[in-house]
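> quick one, structure for this:
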Amino acid sequence: MIAWSTFAVGGVYVWASAPLIVAAVALGATARPRPGVSRETRLLDGALLVGLALVAVQLVPLPEAVRSAVSPNADPVREALQLVPVAAAWRPLSVSAGATAYSMALIGTAFVVFWAARQACGRGATRSLVKAVAFIGLAAALVAILMRSDDPRLLYGLWSPQAEGARPFGPFVNRNHYAAWVVMAFPLTAGYVAAAAGAHRPSRRLASELAALLRGLGSSALWAGVAGAVMILSLLTSASRSGLMAFGASMACGVLIGRRRLTRRARFIGFVGFAMLTVFLVAYADFQPLLLRVDETLTVGAGDRPAIWRETMSIVEDFWLAGAGLGGFQSVMLVYQQADRTFFFNQAHNQYLHLLAEGGLLLAIPALVAIAAFVRLFRARMRRDDSSSLWLRVGGAAALIAIAVQGIWETGLRMPANGLLFALAAAIAVHRPAEDGGLSELDE
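Below you'll find the model as predicted:
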């Protein structure tokens with residue numbers, strides 16, 4: 001599912017995301033995850049299930065009196081969109097019920113992946129999942145770097161995206177959405193490499209250390225490191241400013257989270273790895289596009305984003321309680337956009353404002369509860385994890401921090417590929433350790 005969603009244009013089109021929904025049904029039937037069974041995960045799983053149920057509430061037909069009390073602006077927006085008066089009939093709170101139902105199916109897909117992956121990680125599959133992400137990331141990065149076209153409007157260097165004005169990069173229709181995927185995949189990959197290094201028992205004999213190094217030249221950990229380096233090269237090539245800021249924040253937070261577990265040897269290995277990555281990027285990266293983007297930022301600031309945020313706030317104010325309907329932002333903005341319509345605002349360019357506009361307090365409250373429950377569970381898992389696999393957990397947390405930072409300027413989680421990778425990273429961060437608790441089977 002991760003591979004398909006990544007290379008099928010990020011899952012942005014229905015033909016690409018529909019198979020994911022079907023696969024989630026099959027995954028749920030085979031893996032049979034049991035959310036809420038454990039006392040430790042009950043609050044988190046409960047908040048997720050309540051949030052999903054409240055999305056369904058947006059689809060429930062209600063009489064006009066109830067709609068007017070809960071969401072008084074829903075019917076006027078419907079009338080403006082349909083250009084005819086809305087009959088006094090039972091209608092849902094969502095102004096775009098079809099989009100809400102579709103979004104609900106995608107969120108349910110991500111939840112199934114989260115619960116199934118958390119269960120699989122608890123049975124010792126963490127390293128296999130992260131290794132798969134690393135090699136999918138390597139392939140995606142090579143596609144992004146090698147298949148670039150002279151025409152930046154072409155997807156895979158061959159096809160034009162459906163949306164006019166799209167600037168695709170690699171397998172995604174937008175470079176910032178590709179960057180969102182990379183800034184989650186890289187911390188997971190880095191955690192895998194750090195876990196492999198931590199699982200190796202150092203020797204005081206230089207010959208033994210050299211022999212272990214030579215044995216590691218063909219290991220999956222080494223190739224995961226190569227994958228990570230190529231992913232960062234592609235991130236620089238994309239010139240995504242939000243992606244680079246998210247990458248820097250996630251790396252700093254990852255070190256901060258794991259600082260108490262950093263031995264002198266781990267610090268040395270990390271420094272050497274960082275130095276090697278820097279040399280690689282200096283040797284092969286083209287910094288000119290990024291410098292042009294930085295110059296653009298200094299010249300025009302945030303561009304159109306402040307105008308988008310202001311007009312999104314108008315939606316938030318009018319739909320503060322129940323939202324306009326998950327997935328309904330694009331429809332509602334047809335009515336609310338007052339700025340120059342040369343370019344249509346189809347997203348809020350802020351993940352948090354986007355959620356408030358579509359979900360209001362109805363969805364924001366369970367989301368906040370889920371975040372608080374997740375942080376509490378993660379801290380509990382970190383306290384009890386003394387194995388080298390802790391770095392896989394840190395990598396998962398750093399991936400979530402990356403997408404949270406990028407969400408200030410983008411809405412990368414709207415892409416199914418990013419949503420599924422987010423769910424996987426969350427599962428890795430809070431999974432219950434396997435009985436053996438270690439990485440004894442990790443390729444070294």
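
> put the alpha carbons of stretch 305-323 into CSV.
C-alpha atoms of stretch 305-323 as CSV (Å, rounded to 0.1, in the frame of the first residue of the first chain):
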residue,chain,number,x,y,z
ARG,A,305,-0.5,32.4,1.7
PRO,A,306,-1.6,35.3,4.0
ALA,A,307,-4.5,36.0,1.6
ILE,A,308,-5.4,32.2,1.6
TRP,A,309,-5.2,32.1,5.4
ARG,A,310,-7.4,35.2,5.8
GLU,A,311,-10.1,33.8,3.5
THR,A,312,-9.9,30.4,5.2
MET,A,313,-10.4,32.1,8.5
SER,A,314,-13.7,33.4,7.2
ILE,A,315,-14.8,29.8,6.6
VAL,A,316,-13.6,28.9,10.1
GLU,A,317,-15.6,31.7,11.6
ASP,A,318,-18.8,30.7,9.8
PHE,A,319,-18.4,27.0,10.3
TRP,A,320,-16.7,27.0,13.7
LEU,A,321,-18.8,24.3,15.3
ALA,A,322,-19.4,21.5,12.8
GLY,A,323,-17.2,22.5,9.9
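
> mind listing what's buried along it?
The neighbour-count check on stretch 305-323 (16 or more other C-beta atoms under 10 Å) flags 305, 307-309, 311-312, 314-316, 318-320, 322-323 as buried. C-beta coordinates here come from the backbone N, C-alpha and C atoms, glycine included.

> and which of those is nearest Arg67?
Ala322 (9.3 Å; C-beta to C-beta).

> include distance to Arg34 and pLDDT when you put the buried residues of stretch 305-323 into JSON lines, please.
Formatted as JSON lines, these follow (distance: C-beta to C-beta, whole Å; pLDDT from 0 to 100):
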{"residue": "Arg305", "distance to Arg34": "42", "pLDDT": "86"}
{"residue": "Ala307", "distance to Arg34": "46", "pLDDT": "89"}
{"residue": "Ile308", "distance to Arg34": "41", "pLDDT": "93"}
{"residue": "Trp309", "distance to Arg34": "41", "pLDDT": "94"}
{"residue": "Glu311", "distance to Arg34": "43", "pLDDT": "94"}
{"residue": "Thr312", "distance to Arg34": "38", "pLDDT": "95"}
{"residue": "Ser314", "distance to Arg34": "43", "pLDDT": "95"}
{"residue": "Ile315", "distance to Arg34": "38", "pLDDT": "96"}
{"residue": "Val316", "distance to Arg34": "36", "pLDDT": "96"}
{"residue": "Asp318", "distance to Arg34": "40", "pLDDT": "96"}
{"residue": "Phe319", "distance to Arg34": "35", "pLDDT": "96"}
{"residue": "Trp320", "distance to Arg34": "35", "pLDDT": "96"}
{"residue": "Ala322", "distance to Arg34": "31", "pLDDT": "96"}
{"residue": "Gly323", "distance to Arg34": "30", "pLDDT": "95"}
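
> just these now: which is nearest Thr100?
Thr100 has its nearest neighbour among those in Gly323, at 9.4 Å by C-beta to C-beta.

> show me the contacts for the residue nearest to that closest one when sequence neighbours are not counted.
Take Gly323 and drop its neighbours on the chain: the residue closest to it by C-beta to C-beta, 6 or more residues apart in numbering is Gly360, 3.6 Å away. Shown in contact with Gly360 (C-beta atoms under 8 Å, 6 or more residues apart in numbering): 316, 319-324.

> I figured Ile315 hits Val332, correct?
Yes. Contact criterion C-beta atoms under 8 Å: Ile315 and Val332 qualify, at 5.6 Å.

> buried ones in the longest helix that the chain contains?
For the chain, the longest helix by residue count, based on DSSP state H, is helix 351-384. By neighbour count on 16+ other C-beta under 10 Å, the buried set for helix 351-384 is 351, 353-360, 362-364, 366-367, 369-370, 373-374, 377-378, 381-382.

> ok, back up a step: inside strands: which ones of the buried residues of stretch 305-323?
Assigned to strands by DSSP state E, none of these qualify.

> can you tell me which of those are in helices?
305, 307-309, 311-312, 314-316, 318.

> now render these as a markdown table, adding distance to Ala31.
Below are those laid out as a markdown table (distance: C-beta to C-beta, whole Å):
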| residue | distance to Ala31 |
| --- | --- |
| Arg305 | 40 |
| Ala307 | 45 |
| Ile308 | 39 |
| Trp309 | 40 |
| Glu311 | 42 |
| Thr312 | 37 |
| Ser314 | 43 |
| Ile315 | 38 |
| Val316 | 37 |
| Asp318 | 41 |
